[in-house]
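Visitor: can't give you the sequence, but here's the structure:
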């Protein structure tokens, strides 16, 4: 039952944390860092800043929605099995909860006066999600009771009428609580919240109603729009409602929105959200690398949505985007030491940032360096809860067998739908290496199917199995067999670095290329002026060269450093009557995985590299 | 005395509205539109929305700084000679003004609690500017008295201490009032406001202290930064203080900041401000065309600053940027009918906008269409006051003669510094035509100098005068002569359309070109999908062709319409492993002056056009 999402139907059934154990490698390391460093760091910061004390004394330090950060911390602690932290904080919540189940330290006494901006149901949603996580990982306890009382209060207050919260989140929480408890009222409440949007249900704001997806009904929208986190959380809730109510039209609407958004409004990193002003999706092909917002929480929400759509449909494209986002947004945000975070994840930074002190609270996440905390600090505990639940996002089963969607060294021990046990050991150094070895430790007597996702970029992948070697096309590679202990599957994914070209409608990266290797986007870092990243251009006729370094593969590419303008007139006005003169100087540039950027101090950085040769 | 700015010293002395009469053409038309339509429109809107009633009943409808819009309207009415409007509104202000001179309908009773955001001194500044304009155009009256009492209150309250206003404006207003009245206390107050900034004087905000230029002292900054209007108003005040106090170091600091900003942080249109989030300058070369903010008020503030720097130094580069900004920001913002306005002035719009109803208040100016009013409606009355004062921005004199900085049909009647009268008639259809004819109607007996600015783009300009024809290099073309009535000067500026290339450090317009003709930036408009502006590329080996139309010159360029991606995979993910396939289709595209864009209904638009041929 220890699964972050547990639909009652769908093409695939998720495996839980009791069935998948990460043993080593990229994600096991980060999950351990989260448990040992990030969770205590978040607890310390929220304690020091008085956000936890809000539950003790009825104060309201921190942002209006500070409660939600404590709830996310409790969810993280639940997935990580940090009972002590849950047991320390939960009594404070229980004591602050009012008799009718209302719990919010900011608005207590002035309830629901400002649904547009108050975040009350958003906070309640995170509380309910924490209680669901706790119930699944630990069983019934005080936190589960607090969450359920909060949900009962929400239903009592909102079931009738037409109100919704400006920040979606409560929808998926209520569906999960219905899945946990069987109480259909929670599902009905979630369904109504989804259906009420866009009629409209909220007041207008300076950002327009699209900001909180209240401009049109969920099922009428063509693409994701407005505030990215709100939109993606709402889409998660809509999928959950669609799955539980059998609403195939609603599911199809969200799938179509996702498809258009991924094709036109998504960064190479998987990042979503092009605008700082309203933390919002931009228009189609509005994807500036420097002012990319690509908030960490939007990346997490996108992974959550991908997982729901994968479970509902079985389509590997959802696991593909989840992988891209895990490696290039989630892993990027968290610093190597687990104590600082990117709030936004731009693809270009011109000016090296100024480090934030360990006790300092960063006003906003627009910095070119990770910060230990933010005045709006949604991202740090969101990373912790995602890494806590991560084993639950790796694999699924169906009637015929199991599917491995993400590659990590792990022990898998599950039962297929009709009962027999299947035990697998996965060994891989992915994404450094493209080899994934799956060893059968125990299997049913009957034929069953083991499936591995083959990424779209892995053209030429091969799968060796006990009866031979096959070419594995992108999608799901499957082997049906009466498996015996000791049987092995070996997936070989080609990890040659590759040049990646953007659609020409993305104006902001015209005539640039990026470099990818496996699921990783690479970037150029420059700690000083050499090379000046504003003046480079790369030669794509030469392939990038690999260099193995500790824990990663770095690349190098050949490029030119070009002057910009040279005449005195051009130094006073950056637009001239002729093309730019060039003074080309060859250079070799080291590229690092984007998720590592900025870990070694202040640098300028760019993912998209201008091309030097003419387009043929 | 009817001058928008009247320094007591400086290289050049401005001519006033009593000395320069616009007679016909581009700016005379717009000034008349402002007087006849825009001023009444603003008055009607502010009346209907209750902003004027705030002075009657002590209410506070509209934004916190709604008072300032009424003050700007009064300033506009003063320059336009609309006595009736001034006399209608001024008694309301006088009645609302408190005994000690404080006047603000929003904060009355809670004065100066929130200098970061309250805009109280900003409103006072606009009130004082209105009173100065009124005094100069009309003479002492109630409005002048109200303004002076407000200034006395500000000095009494702020002369000691270290406080400043989050939104600069009061500085230049106080200097102008000192110039008007001779009262040195106002200048000293302005000086202190300028010097207090950046020590710091204000609290921190989520935008950082650079937002309101409180991150470092005015004279320490390297370039303009933060909120563009605040920065530019502050720079105006700093120049005014520097000129009146003889502070050459302060003047030099602002000049250097201007120089760097123009070279690295200014749009081709002269627009300033690259970021929506905080309405701010971006970093060097951060100049996205689609998300350009380029607020109309920042353009106006830039023109005000250029004028001050021109008067102080005599350098034609300031008139050059003023001209670019007048034609491509100010003239762009105002609709052809004078009743709607762009708040922001992007250089690319992908999706045609949805028209705003005549009675509708637009939340924000980010629309792709002009709107009749905004919740923050600083731009409309700012346009009106600028057009009202516009004759005051055309010409100057010095000891030797007069200088024409902007080209417009006008009658000029002034006295040189030592007394003799000089009368000129200027005739031109600029910017349609590049011919400017200056006829002497009356002149002193002695030799005097007539100077005309030659724009930087006007390579090959020629100046015919009574004794011959000379090549006129960019800068100031001067003719010294004992002028006689009937003498003529004929400046011929080459108006061939030209391709303009951006500095390659401006990533957002890589490998694009723009088209300019004279001072006008041109753009492509597409009312529908044909041609799709996302898929065009132009051939710069062919020159743009001119087409004379009613009241303007349109251009056409040859281009290709290229497909984007064609494979199904590319429709689902906009990044691929090879360059984009092309299916080129030739097309001829009409370009219109950028200032006209969107006047004929919803369109997509772009200034920067991708190039089709390889860069050599």
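Guide: Cool, the structure landed. Everything quoted here is computed from the prediction, not taken from an experiment.
Visitor: shaky segments in chain A?
Guide: Scanning chain A for pLDDT under 70 picks out A:364-367, A:563-570, A:580-582, A:613-616.
Visitor: Find the centremost residue of it, please.
Guide: What sits nearest the mean C-alpha location of chain A, by C-alpha atoms, centre = their mean, is residue A:300, with 2.4 Å.
Visitor: Can you verify that one is assigned to a helix?
Guide: Yes. With DSSP: H, G, I helix; E, B strand; the rest coil as the criterion, residue A:300 is part of a helix.
Visitor: Any idea how far apart the tips of stretch A:357-371 sit?
Guide: End-to-end distance for stretch A:357-371, by C-alpha to C-alpha, to the nearest Å: 8 Å.
Visitor: Show the contacting residues for the residue nearest to the centre of chain A.
Guide: By C-beta atoms under 8 Å, 6 or more residues apart in numbering or on different chains, the residues touching residue A:300 are A:329, A:330, A:382, A:383, A:386. In this view, the C-beta of every residue, glycine as well, is placed from N, C-alpha and C.
Visitor: swap the cut-off to 6 Å and go again
Guide: Shown in contact with residue A:300 (C-beta atoms under 6 Å, 6 or more residues apart in numbering or on different chains): A:382, A:386.
Visitor: Quick check: it vs residue A:44, distance?
Guide: Distance of residue A:300 to residue A:44, computed by C-beta to C-beta, to the nearest Å: 22 Å.
Visitor: likewise residue A:441?
Guide: From residue A:441 to residue A:44 the distance is 40 Å (C-beta to C-beta).
Visitor: Then residue A:316?
Guide: 40 Å.
Visitor: and the stretch 151-300 of chain A, which residues reach chain B?
Guide: Residues of the stretch 151-300 of chain A found near chain B (C-beta under 6 Å from any C-beta of the partner chain) are A:206, A:263, A:268, A:276, A:277, A:283, A:286, A:288.
Visitor: do the same with chain A
Guide: Residues of chain A lying near chain B by C-beta under 6 Å from any C-beta: A:206, A:263, A:268, A:276-277, A:283, A:286, A:288, A:350-351, A:363-364, A:498, A:500-505, A:508, A:510-511, A:534, A:564-565, A:571-572, A:574-577, A:579-580, A:614.
Visitor: residues of stretch A:36-45 that come out buried?
Guide: Of all the residues in stretch A:36-45, those buried under the rule 16 or more other C-beta atoms under 10 Å in any protein chain shown are A:37, A:38, A:39, A:40, A:41, A:42, A:43, A:45.
Visitor: tell me the SS of the fifth one?
Guide: Applying three-state DSSP to residue A:41 yields a three-state assignment of helix.
Visitor: And for the second one?
Guide: Secondary structure assignment for residue A:38 (three-state DSSP): helix.
Visitor: re earlier: which of the residues of chain A next to chain B fall in strands?
Guide: A:498, A:500, A:501, A:502, A:575, A:576 (DSSP state E).
Visitor: Buried among the residues of chain A next to chain B? Make that a PyMOL selection.
Guide: Typed into PyMOL, the line below selects the buried ones among the residues of chain A next to chain B, using 16+ other C-beta under 10 Å:
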select buried, chain A and resi 263+268+276+277+283+286+288+350+363+364+498+500+501+502+503+504+505+508+510+511+534+564+565+574+575+576+580
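Visitor: Which ones among the residues of chain A next to chain B lie within helices?
Guide: residue A:263 (DSSP state H).
Visitor: Just give me the neighbour total for the residue lying closest to residue A:461 once chain neighbours are set aside.
Guide: Closest residue in space to residue A:461, ignoring its immediate chain neighbours: residue A:472 at 4.3 Å, by C-beta to C-beta, 6 or more residues apart in numbering or on different chains. By the criterion of other C-beta atoms under 10 Å in any protein chain shown, residue A:472 has 22 neighbours.
Visitor: again with the one 4 residues further on
Guide: Around residue A:476 sit 18 other residues, with neighbours defined as other C-beta under 10 Å.
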